[in-house]
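Make a model of this:
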Amino acid sequence: MKSILGRIATGAAAVLCAAAIYTTYSPSASAENGLPFDDLASSYAKNEIIDLYNKKIITGTSEGTFSPQGLVSRAELVTILGRLLKLEPVNSPISPFTDVGRNAWYYGWIQAAVQLELAGGTSERTFAPAQPVTRQEAAALLARAFKQTGNAADMQAVFRDSGTIATWAGGAVAAVSSLGLMKGDQTGAFRPAAPITRQETAVLIYRVLQQQDWVAELERGKNPRIVMGWQYGQTEAQYQNSILISNVNTLSPRWYFVGSTGTVSDSTVASSVTWAKNNNKKIWPMVGNRFDQAATHQLLSSTAARTAAVNQLAALVGKYDLDGLNLDFENVAAADKAALTAFVTQLAGKLHALGAVLSVDVSPDLGTDWTEAFDYAALGKQADYVVMMGYDEHYGGSPSPGSNASLPYVRQAVGKLLQAVPASKVILAMPLYTRDWTLKQGSVPASSVELSLAEQNQRVSSYGLRPVWNSTLGQYVVSYTGQLKHTIWLEEGRSLTAKLNLAARQKLAGIAYWHIGGESPDIWTSISNAERYAGYSF
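Residues are numbered from 1 along each chain as shown. This is a model prediction of the structure:
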């Protein structure tokens, strides 16, 4: 099924100035009767327009003019609904649309709506921002924005022209009409194909704001969720600066590594602990094994070594008043499965006695030796949280190219983990990196280089690439030719939003990012919008 706002005929004429609602025009000094606009006196929506203008949801078409009988464009309605939902415009550098310029006033609002699947293009490459919106399209967009569904059959006795309402819009029209948000004309017709006017739009949005339970949802703060960010490749100062512009509330600096005899290397930065507390952040330093399977086997095979490591780690938590630890033991031998569980059990007990928490990182269960050491159910029972590292679907050494973290891969990984661990204990870790794959050609095997999101975006810009959204993978994909053919499966605000929505639907305890510093700044607005919208229950 095509997207809600992708149903306007591609060749429809643009009838409205692109800046009509977004651009802020001040009322003229000569506005009559104390009204903010000169042309409201005869409008049936005068009071609604004034109310929404005062709420900064709509503005005029020019100084002192509202144009109540003018038509509403796709870009304008998306903007109005974005403001109504308390979203923020997203300045993402990744866009598939050739007719939505980066400097256009509506660019960020269209990005926000598309990332949340509230709207889509008229085609793969076009959004048609200036095209007018029909009444049935407005109904469909509004129903989607406020998560409403209806039964198209219910309209047959309501509107005399119900047979002319498009199949894709039937349920939405039924939903909004049953709520009294949209009504028929004096003859009982809905007029689904008629373009909606600015004054009609004002009445529609005003009626939305009379739904008191919806207003309460819009005013409610975002649901608290763990948002953990690992430190890697940054100084403490760089890491802190990155955290301040993010929505991360739980820090995980790479401070501790455990050796074969149970000795813990200590790289604690005490000032960073103080900084975290002063900025209302939790801090769970990472405890790693440096991917050293042999040393980890020696550690786990010795009760004395395990106990020494646990005691040292507990002492560090107590000394620095840490909120918890994040255990990142990878490349553990399958033979050490029971010993790893015993180590986690012992460490969790010590930390709980101190009032601290333990999170344990695991990879998706693909039935390989890489994850054979993880007893997911046992780890979930002992640890406070299990962090699913939802990436490296295709890693640097993969024999064939592909996505780093496609939505089906992440969905399967989370689904399998939830069979063993309660959702309230699961944290989904998402990647702030991807790979540029050089495709196999002749005898030259496929290979890849890792890219941060900023590097990825620069590559897309440098080659003038227009990504194509793959709805199955939940990612944009681009291909280009340098000396050889390349493909990149992009990670950006829209793909990360899709994964966050998965976490929200499954009611997971939180999300995490590997790693802070790999992002582009725009993703934090995307994630904030996604968190806010996912939390709404209308």
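
quick one, phi/psi of the residue nearest the centre of the chain?
For the chain, the residue nearest the mean C-alpha position is residue 497 (2.1 Å; C-alpha atoms, centre = their mean). Per-residue torsions, residue 497: phi -60, psi -40 (degrees, to the nearest 10).

residue ranges for the helices of the stretch 151-300 of the chain, please.
167-178, 198-208, 212-219, 236-244, 270-278, 293-301 (DSSP state H, counting those that start in this stretch).

Let me have those helices in CSV, extended by mean pLDDT and distance to residue 450.
In this view, the C-beta of every residue, glycine as well, is placed from N, C-alpha and C. Below are the helices of the stretch 151-300 of the chain laid out as CSV (pLDDT from 0 to 100; distance: least, C-beta to C-beta, whole Å):
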stretch, mean pLDDT, distance to residue 450
helix 167-178, 97, 41
helix 198-208, 99, 45
helix 212-219, 97, 40
helix 236-244, 99, 18
helix 270-278, 99, 26
helix 293-301, 99, 22
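
Kindly reformat the ones you listed as TSV containing mean neighbour count.
Shown next, in TSV, are those (neighbours: other C-beta atoms under 10 Å):
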stretch	mean neighbour count
helix 167-178	21
helix 198-208	22
helix 212-219	12
helix 236-244	16
helix 270-278	15
helix 293-301	19
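
can you tell me which of those comes nearest to residue 523?
Closest approach to residue 523 among the helices of the stretch 151-300 of the chain (C-beta to C-beta): helix 236-244, 11.7 Å.

before we move on, back to that, figure out which of the helices of the stretch 151-300 of the chain is closest to residue 402.
With respect to residue 402, and counting by C-beta to C-beta, the nearest of those is helix 293-301 at 26.0 Å.

Which neighbouring elements make contact with the closest one?
Under the contact criterion of 3 or more C-beta pairs under 8 Å, 6 or more residues apart in numbering; DSSP states H and E, helix 293-301 touches helix 303-320, helix 337-353.

Helix or strand: which one has residue 358?
strand 357-362 (DSSP states H and E).

what comes up buried for the following helix or strand past that strand?
Next along the chain after strand 357-362, taking DSSP H and E as the criterion, comes helix 376-382. Within helix 376-382, the residues scored as buried using 16 or more other C-beta atoms under 10 Å are 376, 378-382.

ok, what's across the strand from residue 388?
For residue 388, the beta-bridge partners are residue 362, residue 428 (DSSP bridges).

same check, this time on residue 452
Residue 452 has these beta-bridge partners by DSSP bridges: residue 433.

Return the distance of it relative to residue 342.
Noted for residue 452: a distance of 38 Å to residue 342, by C-beta to C-beta, to the nearest Å.

Which residues are in contact with the spatially closest residue to residue 529 that is not a sequence neighbour?
Spatial nearest neighbour of residue 529, excluding adjacent residues (C-beta to C-beta, 6 or more residues apart in numbering): residue 87 at 4.8 Å. Residue 87 makes contact with 112, 116, 529, 532-533, according to C-beta atoms under 8 Å, 6 or more residues apart in numbering.

Pick out the most distant pair among those residues.
Farthest-apart pair in the contacts of residue 87 is 112 and 532; separation 10.6 Å (C-beta to C-beta).

between the two, who's got more neighbours?
Shown here are residue 112 and residue 532; by other C-beta atoms under 10 Å, residue 112 has more neighbours (29 against 19).

which stretch among the helices of the stretch 151-300 of the chain comes nearest residue 525?
Closest approach to residue 525 among those is made by helix 236-244 (14.6 Å; C-beta to C-beta).

What angle do helix 270-278 and that closest one make with each other?
Orientation check (axes from the mean of the first three to the mean of the last three C-alpha atoms, to 10 degrees): helix 236-244 against helix 270-278 gives 10 degrees.

The strand holding residue 358 vs helix 303-320, what angle?
Calculated by the same axes, to 10 degrees, strand 357-362 forms an angle of 130 degrees with helix 303-320.

Which elements pack onto strand 357-362?
Secondary-structure packing of strand 357-362 (3+ C-beta pairs under 8 Å, 6+ apart): strand 324-328, helix 337-353, helix 376-382, strand 385-389.

Quickly name whichever of the contacts of residue 87 is closest to residue 219.
residue 532 (11.7 Å).

rewinding a little: ok but the residue nearest to residue 529 is inside a helix, no?
No. Judged by DSSP: H, G, I helix; E, B strand; the rest coil, residue 87 forms no part of a helix; its state is coil.

Leaving out the residues flanking it, which one is nearest to residue 158?
Nearest non-adjacent residue to residue 158, counting by C-beta to C-beta, 6+ apart: residue 177, 6.1 Å away.

Tell me which stretches of the stretch 101-250 of the chain form strands.
In the stretch 101-250 of the chain, the segments counted as strands under DSSP state E, counting those that start in this stretch are 226-231, 250-252.

And for the first one, what's in contact with it?
In this case it means strand 226-231. Here strand 226-231 makes contact (C-beta under 8 Å, 6+ apart) with 239, 242-243, 246-254, 284, 286, 326, 359, 385, 387, 427, 429, 509-517.

wait, doesn't residue 82 sit right on residue 107?
No. Residue 82 sits out of contact with residue 107 when judged by C-beta atoms under 8 Å, with a separation of 12.0 Å.

which neighbours do those two share?
Taking C-beta under 8 Å, 6+ apart as the contact rule, residue 82 and residue 107 both touch residue 89.

Who has more neighbours out of those two?
Neighbour count, other C-beta under 10 Å: between residue 82 and residue 107, residue 82 has more, with 26 against 21.

State the helix or strand in which that one lies.
Using DSSP H and E, residue 82 falls within helix 74-84.
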